[in-house]
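> Below: sequence and its predicted model.
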Amino acid sequence: MILFFGYVRKYKGLDLLLDAMPEIIKKDPSIKLLVAGEFYDEFEFYRGIIKKLDLSSSVYMINKFISNEEVYKYYEPADLVILPYRNGTQSGILNVAYGFLKPVLVTRVGGLAEFVDEGKSGFVIAPDSPEAIAEGVIKYFEAKKSFNFPEYISQKVSQNGFNDMPLLFKKIIEDSAK
């Protein structure tokens, strides 16, 4: 199962993900999408896409605010957390995904890609492209057959404590000087 989590706003690219779903399902009909979060865009717009693309048996939408106490219900069964953003600078969703040891599929916008170790904690794709989303999802499900994403993410998370902040800032400064 892939998970799209959080507030639904146009810039987050849910419509692009829905447009990618027919290709994903064609490659692997067992893949399902769970959309969980409060819709700030018109809910019926997204239901219309689902109906038009005949995705009702593959896409489940939960339109509500999800409290901190309920978050685990959505992350634990997920194989992959997807952030198909059109733009943005960062996302708490990515950090929560890593907290649940879930790999991510993110678009190369803002600072999202900087937090993904390609092929190890997830994958980075081009923005605004249902084709890239479909390819990324399929790539993940192929890779998970031979790579232990949760184990890698666990190691990554344990190394990224607040004690490492000075090293992180030093690396950022060094990288920006290049």
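Cool, the structure landed.

> Quick one: classify the residue nearest the centre of the chain as helix, strand or coil.
Note on the chain: the residue nearest the mean C-alpha position is residue 82, at 1.7 Å, using Cα atoms, centre = their mean. At residue 82 the chain is in strand, as set by DSSP: H, G, I helix; E, B strand; the rest coil.

> Identify the bridge partners of it.
Here residue 82 sits in beta bridges with residue 105, going by DSSP bridges.

> Might you report the residue contacts of it?
By Cβ atoms under 8 Å, 6 or more residues apart in numbering, the residues touching residue 82 are 2, 3, 4, 17, 104, 105, 106, 133, 137. To be clear about C-beta, it is placed using only N, CA and C from the backbone, and glycine gets the same treatment.

> what do you get if the cut-off is 10 Å, keeping everything else the same?
2-5, 13-14, 17, 20, 33, 35, 93, 97, 103-107, 122-123, 125, 133, 136-137, 140 (Cβ atoms under 10 Å, 6 or more residues apart in numbering).

> now residue 143
Taking Cβ under 10 Å, 6+ apart as the test, what residue 143 contacts is 103, 119, 120, 122, 123, 149.

> and what of residue 10?
40, 41, 42, 45, 86, 87.

> quick check, nearest of those to residue 64?
The closest of the contacts of residue 10 to residue 64 turns out to be residue 40 (Cβ to Cβ; 12.5 Å).

> The closest one: what's it in contact with?
7, 8, 9, 10, 12.

> Sticking with the closest residue in space to residue 15 that isn't next to it in sequence, tell me its helix or strand.
Nearest residue to residue 15, sequence neighbours excluded (Cβ to Cβ, 6 or more residues apart in numbering): residue 49, at 6.1 Å. Using DSSP states H and E, residue 49 sits within helix 43-52.

> next SSE after that helix?
Criterion used, DSSP H and E; the element after helix 43-52 is strand 59-63.

> contacting residues around that next one?
In contact with strand 59-63 (Cβ under 10 Å, 6+ apart) are residues 1-2, 4-5, 8, 14, 17-18, 21, 25, 32-39, 43, 46-47, 49-50, 53, 70, 73-74.

> mind showing which ranges of the chain have poor pLDDT?
89, 160-178 (pLDDT under 70).

> redo that, cut-off 90
Low-confidence segments of the chain, defined by pLDDT under 90: 41, 68, 87-92, 95, 110-112, 114, 156-178.

> those helices in it, which residues are they?
Counting by DSSP state H, one finds helices in the chain at the ranges 14-27, 43-52, 71-75, 92-99, 130-143, 149-159, 165-177.

> how about those helices in CSV, adding distance to residue 59?
Listed next are the helices of the chain as CSV, based on distance: least, Cβ to Cβ, whole Å:
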stretch, distance to residue 59
helix 14-27, 6
helix 43-52, 5
helix 71-75, 14
helix 92-99, 18
helix 130-143, 13
helix 149-159, 23
helix 165-177, 37
